[in-house]
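[1] Compute the structure for the input listed below.
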Amino acid sequence: STHKVMVAANFVGESEVFTWDARSGMLQHHSFLPTVGASSLKCFNMNGTLFLAVAQFFDPDAFTHHLESPLFHWSDNAFEPVHSISTNGARDVNHLSLDGRSMLVVVNELGSTDIYEWDAMAYQFVLLQSLDTLQATSSAVRDSAAAGVFLAVSQATGCKDVQTGESGACSLIYRWDGSHFQGISSPATLLADTAGGQALSSLRSQHVLFVEDEAGGHAE
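    Residues are numbered from 1 along each chain as shown. Alright, predicted model coming up:
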């Protein structure tokens, strides 16, 4: 069945779930979700089941950024907890499907950007890869049949603090090689992985987005 749901990520207090009421033509309060310091949400479908991933940034009561960010699935007309992922100042969560594999991208401002892959037998996401990012704030995915799959990560740190090998380059684009995301080429990876990523100039970047040009049929 089709679920028409809206979820508001509340940084203070629990997050709130709304469902569409066809009679009134308006959203109605449905329930609250037990979250703390929620900074980002991603809703996606896997094998006919609706999932909701939540990035949690900070717990003011415990005064910590080290949190267990939850994953929920829709069951019996409500979001039920599935499992949680250890995060450190999580700012963004994203979902992507690659060659039939379902993955989560968890962007930690105070840690790495982590790629998780869905394990159907264990019914949970397991860590696939950690990307060495610094003060990362958001992510975006671009799947191009001609060029491949790209993951962009924005970083809010000053350019001089980022060790990219390129002056003034703060944010990063990674390229999928069929098993992992490759960053910018280095002497250690150049021969083994020629399809590397790219470093981009940015200043205290807070968000990154791939834009699809429908008229031209390509992405900018």
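[2] and whichever strand or helix holds Leu50, what other elements does it pack with?
    Using DSSP states H and E, Leu50 sits in strand 49-56. Applying 3 or more CB pairs under 8 Å, 6 or more residues apart in numbering; DSSP states H and E, we find strand 49-56 packed against strand 38-46, strand 66-75, strand 78-88, strand 90-98, strand 101-108. Where C-beta positions appear, they are placed from N, C-alpha and C, glycine not excepted.
[3] Which of the ones you listed sits closest to Gln56?
    Minimum separation from Gln56 across those (CB to CB) falls at strand 66-75, 4.4 Å.
[4] Looking at His83 now. What's its pLDDT?
    Reading off the confidence values, His83 has pLDDT 98.
[5] In this structure it contacts Asp119, no?
    No. The criterion here is CB atoms under 8 Å, and His83 misses it with Asp119 at 10.5 Å.
[6] thinking again about what came up before, now tabulate the helices and strands packed on strand 49-56 in CSV and tack on mean neighbour count and distance to Val17.
    CSV is the format used below for the helices and strands packed on strand 49-56 (neighbours: other CB atoms under 10 Å; distance: least, CB to CB, whole Å):
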stretch, mean neighbour count, distance to Val17
strand 38-46, 18, 11
strand 66-75, 18, 9
strand 78-88, 16, 6
strand 90-98, 22, 17
strand 101-108, 23, 20
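[7] related to what we said a few turns ago, overlap of the contact sets of His83 and Asp119?
    Phe125 (CB atoms under 8 Å, 6 or more residues apart in numbering).
[8] Point me to the residue sitting farthest from the middle of this structure.
    Arg23 (34.5 Å; CA atoms, centre = their mean).
[9] Now do the same for that residue: helix, strand or coil?
    For Arg23, the assignment made with DSSP: H, G, I helix; E, B strand; the rest coil gives coil.
[10] per-residue pLDDT, it?
    92.
[11] Likewise for Leu203?
    60.
[12] Equivalent analysis for the one 4 residues further on, please.
    Model confidence at His207, expressed as pLDDT, equals 73.
[13] what helix or strand is it on?
    Judged by DSSP H and E, His207 forms part of no helix or strand.
[14] How many residues are close by it?
    12 (other CB atoms under 10 Å).
[15] That one contacts Ser138, correct?
    Yes. Between His207 and Ser138 there is a contact at 4.6 Å, judged by CB under 8 Å.
[16] Find the residues that touch each one of these two.
    Ser154.
[17] measure Glu14 to Asp177 for me?
    Distance, Glu14 to Asp177, using CB to CB, to the nearest Å: 40 Å.
[18] and if you look at Thr137?
    25 Å.
[19] now do Val7
    34 Å.
[20] When those two are compared, which one has more neighbours?
    When Val7 and Asp177 are compared for neighbours, Val7 comes out ahead with 21 against 15, by other CB under 10 Å.
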